[in-house]
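> The sequence and its predicted three-dimensional model are supplied below.
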Amino acid sequence: MNEKIWWYLARSTGIVAWALLTASVLWGLLFTTKLLSGRPAPRWLLDLHGFLGALAVSFTGLHLVTLLGVSSVPFGVEELLIPFASRWRPGPVAAGVFALYLLVAVQASSVAMKRLPRRAWRAIHLTAFACFWAATLHGVTAGTSSDNLAMWVAYLAAATSVVFLTMFRVLAERRRRSGASPGPARVLTPALPPPATPNPAGLTGSG
């Protein structure tokens with residue numbers, strides 16, 4: 001296959017994977033802040049959150065596979081899976097590797113939610129924030145589309161939205177706690193709700 005086709009595939013799958021990850025994080029924040037509705041969310045809307053995460057894993061896998069086909073950049077399995085092993089922009093590439101592992105861990109925790117202790121599931125799921133920031137850093141510093149104005153607007157809009165919704169959620173939780181009657185401390189509800197049912201897509205693979 002033509003070298004340019006592999007390169008365009010690598011770029012496009014990376015952008016789509018980042019967009020899906022961003023959508024999943026924002027969707028989870030919207031539900032936990034109850035900005036979408038004050039009533040319980042329909043089951044299919046909660047399923048959509050998990051489905052977006054599974055798609056993000058899938059496109060991340062495609063991103064890795066297509067990078068192996070780009071001969072102009074010396075990417076091998078070791079460079080794509082081991083942080084700082086890449087000779088091409090080792091720091092930015094490492095950010096993408098960390099994002100990959102965090103994304104897989106979050107999605108795996110959703111699939112195995114019923115078999116995990118609730119506290120452990122929450123701890124793993126909250127790393128979705130670190131995954132988003134690592135993937136965004138990877139896209140800004142390693143992505144060849146980062147010099148495109150539209151991509152900069154997308155990165156800025158996504159980062160601003162995540163920061164705003166996170167701050168809104170934290171402040172709302174503080175107000176709720178300050179107005180609640182004294183009682184045992186409650187663990188903060190995780191920022192990303194689990195899918196209502198195990199995701200049929202399974203695990204396959206921000207670029």
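Cool, the structure landed. Given the structure is predicted, the values throughout are model-derived calculations rather than measurements.

> From now on I want contacts and neighbour counts done on CA atoms only, so please keep to that.
Fine.

> Pull the number of nearby residues for residue 124.
If you count neighbours by other Cα atoms under 10 Å, residue 124 ends up with 17.

> And the pLDDT for it?
Residue 124 is assigned 93 on the pLDDT scale.

> residue contacts, the closest residue to it other than its chain neighbours?
Spatial nearest neighbour of residue 124, chain neighbours left out: residue 106 (6.0 Å); criterion: Cα to Cα, 6 or more residues apart in numbering. Residues in contact with residue 106 (Cα atoms under 8 Å, 6 or more residues apart in numbering) are 124-125, 127-128.

> doesn't residue 164 make contact with residue 29?
No - using Cα atoms under 8 Å, residue 29 is not in contact with residue 164; the gap is 10.0 Å.

> Of these two, which one has the most company?
It is residue 29, of residue 29 and residue 164, that has more neighbours when counted by other Cα under 10 Å, with 24 against 12.

> For the residue nearest to residue 124, what is the enclosing helix or strand?
Assigned by DSSP states H and E, residue 106 belongs to helix 90-111.

> going on from that helix, what's the next piece of helix or strand?
Helix 90-111 is succeeded, C-terminally, by helix 118-125 (DSSP H and E).

> What angle do helix 90-111 and that next one make with each other?
Per axes from the mean of the first three to the mean of the last three Cα atoms, to 10 degrees, the angle that helix 118-125 makes with helix 90-111 is 150 degrees.

> Flag every buried residue along whichever helix or strand comes after helix 118-125.
Using DSSP H and E, the helix or strand that directly follows helix 118-125 along the chain is helix 128-142. Of the residues in helix 128-142, 128-129, 131-142 count as buried by neighbour count, 16 or more other Cα atoms under 10 Å.

> Just say helix, strand or coil for residue 13.
Secondary structure assignment for residue 13 (DSSP: H, G, I helix; E, B strand; the rest coil): helix.

> That one contacts residue 63, correct?
Yes - counting by Cα under 8 Å, residue 63 is a contact partner of residue 13 at 5.0 Å.

> so how far is residue 66 from residue 85?
18 Å (Cα to Cα, to the nearest Å).

> Kindly apply the preceding question to residue 13 instead.
8 Å.

> more crowded one of the two?
residue 13 (24 against 20).
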